[in-house]
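Predicted model and sequence below, questions to follow.
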Amino acid sequence: MDLIYWDACLMNMLENLYQIKERAAYTLGSAHLVPGIGGNYAQLMHALDNHPVLLEAMREYVPATVAHWGNVLGEDDGRDLTLCNMEYIDGVVQDAKEYVDEFLRLRGGMEADSEEEMYFQKINGTLQPHYHSDEGVLYFFHNDEDEFVPSADMYSAFTRIGNRLMSGRLSAITTRMRIALGRMIPVSACHGIPDYMDRVSVGISWMERDDFMSADQSHAVPSLDKLYPLLNFDRATGWSRFLRDNVMRKSFTE
């Protein structure tokens with residue numbers, strides 16, 4: 001297909017993109033929650049009629065749709081719509097693999113209950129409303145303080161974790177990743193995001209160990225630790241190695 005359009009919440013995650021990279025030239029989706037009105041399909045048909053090249057049609061449709069959402073949502077509600085070019089996704093995933101390997105090497109060198117580990121848990125995430133707090137560094141894609149959505153902006157999280165850990169190696173990898181993401185994301189529009197972010201990249205699963213390992217008998221695959229390793233993204237990067245061991249300091253997650 002030329003384009004797969006996910007008109008649903010939280011779909012613009014690297015795991016989803018990598019799973020269907022052979023199925024479409026482009027994907028279109030949101031890393032945030034999508035408002036109930038969904039996509040602006042009249043605008044979509046207008047853009048496709050006016051532009052024979054898909055990319056040019058998306059340059060019209062994407063910002064127009066985010067602006068349309070802005071007319072019906074509050075100013076503080078984060079929203080985005082992002083077009084991804086599957087031709088360049090392998091470069092992003094390769095950078096992600098290098099980051100994960102180095103990140104886990106550093107994480108594995110921390111002694112249990114040491115000051116270093118406690119500091120890592122502190123910067124490792126937060127469930128404060130509006131995606132972030134002064135204590136945490138991750139940007140979670142949710143806008144309800146009573147509900148935690150375990151999807152974080154990958155580039156923002158990787159960059160800020162690397163900077164806080166004072167790792168030149170991680171910072172170098174994220175610089176390459178930013179360039180690779182720039183190739184993969186030719187069109188994106190967002191509104192209502194924190195001041196410390198200049199753009200939305202793609203989501204990546206980020207949660208505590210207990211949530212990753214917990215069983216859910218209502219699903220055929222009862223726990224994420226059984227399902228996640230089946231994803232092509234995890235086979236390429238081994239991100240589940242972190243999710244299985246991730247503990248966030250309780251005072252910053254309750």
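Structure received.

Okay, and the beta partners of the most centrally placed residue in the chain?
When CA atoms, centre = their mean is applied to the chain, the residue found nearest the centroid is Gly203 (1.0 Å). On the basis of DSSP bridges, Gly203 is bridged to Met13, Asp153.

was I right about it contacting Asp153?
Yes - between Gly203 and Asp153 there is a contact under CB atoms under 8 Å: 6.6 Å. In short, each C-beta sits where N, CA and C put it, glycine included.

okay, and the common contacts of the two?
By the contact definition CB atoms under 8 Å, 6 or more residues apart in numbering, Gly203 and Asp153 are jointly contacted by 31, 141.

And the strands in the stretch 101-250 of the chain, which stretches?
151-153, 187-191, 203-205 (DSSP state E, counting those that start in this stretch).

Does anything pack onto the longest one? Which helices or strands?
By that I understand strand 187-191. Helices and strands touching strand 187-191, by 3 or more CB pairs under 8 Å, 6 or more residues apart in numbering; DSSP states H and E, are helix 54-72, strand 79-85.

Ok, the last one next?
In terms of contact count using 3+ CB pairs under 8 Å, 6+ apart, strand 203-205 is assigned the packing partners helix 14-19, strand 151-153, helix 154-164.

Of all the ones you listed, which one comes closest to Pro229?
When these are compared for distance to Pro229 using CB to CB, the nearest one is helix 14-19, at 11.5 Å.

Let me see the mean pLDDT of the closest one.
Averaged across helix 14-19, the pLDDT comes to 97.

List the strands paired with the helix or strand just after that helix, with their directions.
Per DSSP states H and E, the first helix or strand lying C-terminal to helix 14-19 is strand 26-29. Using DSSP bridges, the strands paired with strand 26-29 are strand 3-5 (parallel), strand 79-85 (antiparallel).

Okay, now the unreliable bits of the stretch 151-254 of the chain?
Per-residue confidence for the stretch 151-254 of the chain (pLDDT under 70) gives these ranges: 219-221, 249-254.

show me the contacts for the residue lying closest to Tyr155 once chain neighbours are set aside.
Nearest in space to Tyr155, with sequence neighbours left out and distances taken as CB to CB, 6 or more residues apart in numbering, is Ser201 at 3.7 Å. Neighbour list for Ser201: 31, 153-156, 181, 185 [criterion: CB under 8 Å, 6+ apart].

Dump these to a markdown table, plus neighbour count and distance to His68.
Shown next, in a markdown table, are those (neighbours: other CB atoms under 10 Å; distance: CB to CB, whole Å):
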| residue | neighbour count | distance to His68 |
| --- | --- | --- |
| Ala31 | 29 | 18 |
| Asp153 | 27 | 23 |
| Met154 | 27 | 26 |
| Tyr155 | 24 | 26 |
| Ser156 | 23 | 25 |
| Leu181 | 23 | 25 |
| Ile185 | 20 | 20 |
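
List just the nearest of those residues to Lys122.
Lys122 has its nearest neighbour among those in Ser156, at 17.0 Å by CB to CB.

before we move on, back to that, out of the helices and strands packed on strand 203-205, indicate the one that is most buried.
strand 151-153 (a mean of 25; mean count of other CB atoms under 10 Å).
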